[in-house]
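K.L.:
take a look and give me a structure for this.
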Amino acid sequence: MKKHFAMLAVACIAATSVSAAGLPERIKSAGKVVVANQPNYPPMEYKDPATNTLMGVDIDLGLALAKQLGTTVEWADIGFEQMISSLTTGRVDLIHSGMSDLPKRRDTLDFVDYMKSGAQFYTTAARKDEFKKPTDFCGKTIGMSRRTSFPDETAKWSATNCEAAGLPAVKVVGTEGSADARAQLKQGRVDGAVQGSETLPYLLTLEKDTYTVVGEPFTAVYQGIGFAKKDTELRDAYAAALKALMASGEYKKIFAEHGLEGTMLDGIYINGEAAK
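P.N.:
So this is what the prediction gives:
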């Protein structure tokens, strides 16, 4: 038994050192990675109201990846619109903040994907009989964060499912964020809203009997950790660390703790493609 544990310890140390060895020298020297994150998107990233402590899937996974790499995390609270410029100018080392891996972003970034997501309609529980299926939103006003890909995706969905069927188009309203969309929904300023499918179960638990989800997600995208195009060394180190967490079961444990097992990936994907 002692021999078994000794061998296991050696294996764990070896795995960690291999991952750490792949880090760029600037990260090794600093002893940390500076990570862009905006904690306003539960359950991915948010602050505990009682303690102001960062919480969420991205936080737990980010800390686990850094530990696997033998370094620490410095979270940089940066607005979503400024994240990419902060990365390309060297203010941060990577982005880990519920960012979708979209083709248009790959001109500037490389992504190590870590979960699947999708845009989904919802409305207030009081209007659940009015909106039983997504096409019931045709001609209605729908709020969603303008910082995300949701406005474009909703417009495309509307063109295919509303306008092509002779129904009026969805009226897309860009909001200051998901919280603003929810506020406008409660105030009756919009008829429905769109948010990431991974966040809605948490929202329904947090505000019971307030909202109702309508239909299934109407997009399918990966969320990824973003790296500058030139920073392939750091990207590959993170990919190796994520692979190690998947093998150890830590990856599954993190997602299970947040009730998001259905969003997990079956392997390592770089820019939406399975890694060889």
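K.L.:
how about the helix or strand where G224 lies: buried residues?
P.N.:
Assigned by DSSP states H and E, G224 belongs to strand 221-228. Across strand 221-228, burial judged by 16 or more other Cβ atoms under 10 Å covers V221, Y222, Q223, G224, I225, G226, F227, A228. Placement of C-beta: from N, CA and C, glycine included.
K.L.:
tally of neighbours for the closest residue to the fourth one other than its chain neighbours?
P.N.:
Nearest residue to G224 in three dimensions, chain neighbours excluded: F111, at 3.1 Å (Cβ to Cβ, 6 or more residues apart in numbering). Burial of F111, expressed as a neighbour count using other Cβ atoms under 10 Å, amounts to 23.
K.L.:
in contact with F111, which residues?
P.N.:
Residues in contact with F111 (Cβ atoms under 8 Å, 6 or more residues apart in numbering) are M99, D101, R105, Y222, G224, I225, G226, F227, I270, N271, G272.
K.L.:
on contacts alone, who are the packing partners of the helix or strand just after the strand holding G224?
P.N.:
Following strand 221-228 in sequence order, the next helix or strand is helix 232-248 (DSSP H and E). Using 3 or more Cβ pairs under 8 Å, 6 or more residues apart in numbering; DSSP states H and E, the elements in contact with helix 232-248 are helix 2-21, helix 57-68, strand 109-117, strand 221-228, helix 250-257.
K.L.:
mind running it again at 6 Å?
P.N.:
Here helix 232-248 touches helix 2-21, helix 57-68, strand 109-117, strand 221-228, going by 3 or more Cβ pairs under 6 Å, 6 or more residues apart in numbering; DSSP states H and E.
K.L.:
weakest of these in terms of mean pLDDT?
P.N.:
Looking at the helices and strands packed on helix 232-248, the lowest mean pLDDT belongs to helix 2-21 (a mean of 44).
K.L.:
residue contacts, G192?
P.N.:
Shown in contact with G192 (Cβ atoms under 6 Å, 6 or more residues apart in numbering): F121, T123, F137, I142.
K.L.:
next step: those restricted to strands.
P.N.:
Secondary structure assignment by DSSP state E places F121, T123, I142 of the contacts of G192 in strands.
K.L.:
and the helices in the stretch 51-200 of the chain?
P.N.:
Using DSSP state H, counting those that start in this stretch, the helices assigned to the stretch 51-200 of the chain run over residues 57-68, 83-88, 150-161, 178-187, 200-206.
K.L.:
okay, buried residues for the fourth one please.
P.N.:
Applying a neighbour-count criterion of 16+ other Cβ under 10 Å, one finds S178, D180, A181, R182, A183, Q184, L185 buried in helix 178-187.
K.L.:
returning to what we had before: same list (the helices of the stretch 51-200 of the chain) but as TSV, adding distance to E233.
P.N.:
What follows is those, written out as TSV (distance: least, Cβ to Cβ, whole Å):
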stretch	distance to E233
helix 57-68	15
helix 83-88	15
helix 150-161	33
helix 178-187	34
helix 200-206	35
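K.L.:
now, of these, which is deepest in the fold?
P.N.:
Among these, ranked by average contacts under mean count of other Cβ atoms under 10 Å, first place goes to helix 57-68 (a mean of 22).
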